[in-house]
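> Here is my input, please return the structure:
(one chain, ligands or ions: 2)
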Amino acid sequence: MTQSALERARAVERPTREAMLQRAPQVAQFWNDNQELFKHAWKEWEQANQTALDASVHDDRLRAAVEGAWKDPATEGEVKKLWEEVFPGVYKTQFFDPERLFVLRSYLDSVADAGIPLRPPYGISLNRGGAMLDPRSEGHLGASAFQTFYRDLMNTYMRPISRLLFPDVIGYDTQTFGFSIQWQADKDTSLRPHSDASSVTLNINLNLPDEAFSGSAVSFIDPASRRVEKLHFEPGTALIHHGSVPHASEPITEGQRSNFVLWLYGQNGQIPHPSAFAPTIDPRARWTVPTDPSDGFAPF
Ligand SMILES: O=C(O)CCC(=O)C(=O)O
Ligand SMILES: [Fe+2]
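Numbers count the residues shown, from 1 in each chain. Ligands and ions are numbered 1, 2, ... in the order given. The predicted structure is shown next:
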């Protein structure tokens, strides 16, 4: 009997952790060779697993302010007000509603249970509990309900908010990239100091209110003053910063922490020059979606 795409995707032999860690050529080959198969498998899985995933998971105040700004960009100050600068160049807000986050989390659990191979992020280190989110990445989370949610998150929320807080990123923000991460004691625990290859990074916590963890702050380093500060996530909170701000993930000692890490950058990975002049633009130009197609470039 012929197997369906979903059955074949579930049965396919996966690359080992060692091969992924070594960035072995056969790993890239694996994701390339199976791209079409996984695409069909997600389609098949979705026919049996219809789930509504929409902006109702967003914090009410943020959603109302963002919707207001799309209708009338002159009200964008209402969005800005919700972000607090908690460290030089790093802003924080309540992004997702902790009481609604279970909708997204149970969706992500069902996606993990689908049994279709998902490529974990292996940027600086391999994060085994995470997955690539953007369609430019091989092995990404290809379920169309998720892709619709992700596109809306990037286009409706992340890009205009980034432009509002960091005016220099305009023009360096047409391309989207994203992955999920999961830190867990005795598994993947920390990340050394680094900067991101993005213009802007939005890092959103997905922990449920009853999912406590210890440690796992993100330390930020202010290059100007050399001050270092550990910033903590509470369920549904987000940090946004230029990718260039140095940061590190402190070791997690108990529980687990799940986050979405979302990037914007320009064509072919271009990012603004640190001392670039930030243009003053009309608010109406901020609340737009670029028509540039994806250039397919993925930093990792
Ligand atoms: O631990 C975090 O939330 C930050 C992760 C991070 O900086 C990265 O993946 O580039
Ligand atoms: Fe980072």
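
> Skipping adjacent residues, who's closest to the residue of the chain found nearest ligand 1 in space?
In the chain, the residue found nearest to ligand 1 is residue 249; the distance is 3.3 Å by Cβ to the nearest ligand atom. Using the backbone N, CA and C atoms, a C-beta is placed for each residue, glycine as well. Computed as Cβ to Cβ, 6 or more residues apart in numbering, the closest residue to residue 249 that is not its neighbour in sequence is residue 191, at 3.8 Å.

> Next one: that neighbour relative to residue 18, how far apart?
20 Å (Cβ to Cβ, to the nearest Å).

> Pick out whichever of the two has more residues nearby.
Remark: of residue 191 and residue 18, residue 191 carries more neighbours, 19 against 9, as counted by other Cβ atoms under 10 Å.

> My read is that the more buried one contacts residue 125, right?
Yes - Residue 191 is within contact range of residue 125, at 6.1 Å (criterion: Cβ atoms under 8 Å).

> quick one, phi/psi of the residue nearest to residue 249?
Phi and psi for residue 191, reported as degrees, to the nearest 10, are phi -140, psi 130.

> residues touching it, list them.
124-125, 248-249 (Cβ atoms under 8 Å, 6 or more residues apart in numbering).

> try 10 Å
123-125, 127, 181, 183, 218-219, 247-251 (Cβ atoms under 10 Å, 6 or more residues apart in numbering).

> so does stretch 162-180 get close to ligand 1?
No - counting by Cβ under 6 Å from any ligand atom, ligand 1 is not contacted by stretch 162-180; separation bottoms out at 7.3 Å.

> how many neighbours does residue 189 have?
16.

> Is it part of a helix or strand, or is it coil?
coil (DSSP: H, G, I helix; E, B strand; the rest coil).

> how about the nearest residue to it, chain neighbours excluded?
Sequence neighbours aside, residue 251 is the residue nearest to residue 189 in space, at 4.8 Å (criterion: Cβ to Cβ, 6+ apart).

> in stretch 262-270, what counts as buried?
For stretch 262-270, burial by neighbour count (16 or more other Cβ atoms under 10 Å) applies to 262-266, 269.

> Break down the stretch 101-250 of the chain into its strands, ranges please.
Under the criterion DSSP state E, counting those that start in this stretch, the stretch 101-250 of the chain contains strands at 175-184, 191-194, 200-205, 214-215, 218-221, 228-231, 237-242, 247-249.

> Please work out which of those is packed deepest.
strand 200-205 (a mean of 25; mean count of other Cβ atoms under 10 Å).

> and stretch 70-81, what's its mean pLDDT?
Across stretch 70-81, pLDDT averages out at 98.

> which of the residues in the helix-or-strand element of the chain with minimal mean pLDDT are buried?
Using mean pLDDT, DSSP states H and E, helix 17-21 stands out as the lowest-scoring helix or strand of the chain, at a mean of 90. Residues residue 20 are the ones in helix 17-21 that count as buried (16+ other Cβ under 10 Å).

> Next SSE downstream of it?
Of the helices and strands lying after helix 17-21 in sequence (DSSP states H and E), the nearest is helix 25-33.

> residues making contact with whichever helix or strand comes after that next one?
Next helix or strand after helix 25-33 toward the C-terminus (DSSP H and E): helix 35-48. For helix 35-48, the external contacting residues (Cβ under 10 Å, 6+ apart) are 4-10, 12, 31, 34, 49, 110-111, 113-119, 135, 138-147.

> Around ligand 1, pick out the residues from the protein.
181, 191, 196, 203, 218, 247, 249, 259, 261.

> Dump the strands of the stretch 101-250 of the chain into JSON lines; add mean pLDDT as well.
What follows is the strands of the stretch 101-250 of the chain, written out as JSON lines (pLDDT from 0 to 100):
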{"stretch": "strand 175-184", "mean pLDDT": "98"}
{"stretch": "strand 191-194", "mean pLDDT": "96"}
{"stretch": "strand 200-205", "mean pLDDT": "98"}
{"stretch": "strand 214-215", "mean pLDDT": "98"}
{"stretch": "strand 218-221", "mean pLDDT": "98"}
{"stretch": "strand 228-231", "mean pLDDT": "98"}
{"stretch": "strand 237-242", "mean pLDDT": "98"}
{"stretch": "strand 247-249", "mean pLDDT": "98"}
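
> Go through those strands and name the closest to residue 168.
Residue 168 lies closest to strand 237-242 among those, at 8.3 Å (Cβ to Cβ).

> any idea how far residue 83 is from residue 152?
For residue 83 relative to residue 152 (Cβ to Cβ), the value is 19 Å.
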